[in-house]
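1. Pasting the sequence and the predicted model now:
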Amino acid sequence: MSMGKTLFWAGAILIGAALLAPGLPGDGDAPVARTPVPARPAAPAPIPTARAGNGSAGQTISRAEDGHFYAEAQVNGARIRFLVDTGASLVALTPEDARRAGIAIGDVTGRAQGAGGEVAFAPVTIDRLAIGPLEARDVRGAVADRLPVSLLGQSFLQRVGSVEMRGDTMILR
């Protein structure tokens, strides 16, 4: 499957995820805050594992020959290759990658229609996702049929302190 179709399916998943999870950051027109804002002054501090990065440790990713960035990650201990997709709301796994990571695929509750046909997906929670020193727990995601490569979306990337591009290098910190 071509990269164009991959990006198409990523968009389809993004639309489906928006329909299933209206409370995700980025929903609506309001800007997304990078740090939690307590509802009341006495609210407890955020849990340290809520962020993937500490702002100083980082992971460098080089641009591939096809022009995209791919990250090797550990998902629940299984090594999985992701296409970094800053436009995707969620981390999206292929069914094969989800099985390798021991993720139970529940009922397919989402569908999106596109030029290439319909794509079905099941919402999941990823217990642990790590790229180098960056780690996040309880990451929202989806398992999508007919997805040629797993996608690293905002449900992980928003937990990273910064995503920086320098020429052919992406730096997650």
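-> Yes, it's here. Just so it is clear, the structure is predicted and the values come from calculations on it, not from any experiment.
2. Distance of the closest residue to Met165 other than its chain neighbours relative to Val124?
-> Excluding its sequence neighbours, the residue lying closest to Met165 (CB to CB, 6 or more residues apart in numbering) is Ile171, at 7.9 Å. All C-beta spots, glycine's among them, are computed from the backbone N, C-alpha and C. As judged by CB to CB, to the nearest Å, Ile171 and Val124 stand 28 Å apart.
3. try Val149
-> Distance from Val149 to Val124, counting by CB to CB: 17 Å.
4. Also Gly77?
-> Per CB to CB, Gly77 is found 16 Å from Val124.
5. And these two? Which one has more around it.
-> Val124 (21 against 11; other CB atoms under 10 Å).
6. May I ask which helix or strand encompasses that one?
-> strand 117-131 (DSSP states H and E).
7. quick one: average pLDDT of stretch 60-72?
-> Per-residue pLDDT values over stretch 60-72 give a mean of 97.
8. Name the surrounding residues that touch the one helix or strand the residue nearest to Met165 maps to.
-> Here Ile171 sits within strand 169-172, counting by DSSP H and E. Strand 169-172 is touched from outside by 52-53, 58-63, 69, 71, 84, 131-132, 134, 157, 160, 162-165, with contacts defined as CB atoms under 8 Å, 6 or more residues apart in numbering.
9. can you give me the helices in the chain?
-> Residue ranges of the helices in the chain, as given by DSSP state H, are 3-20, 95-100, 154-157.
10. gap between Asp145 and Phe121?
-> From Asp145 across to Phe121, the span is 7 Å (CB to CB).
11. higher neighbour count, the two?
-> Taking other CB under 10 Å, Asp145 and Phe121 do not tie; Phe121 has more neighbours (28 against 15).
12. No further questions, thank you.
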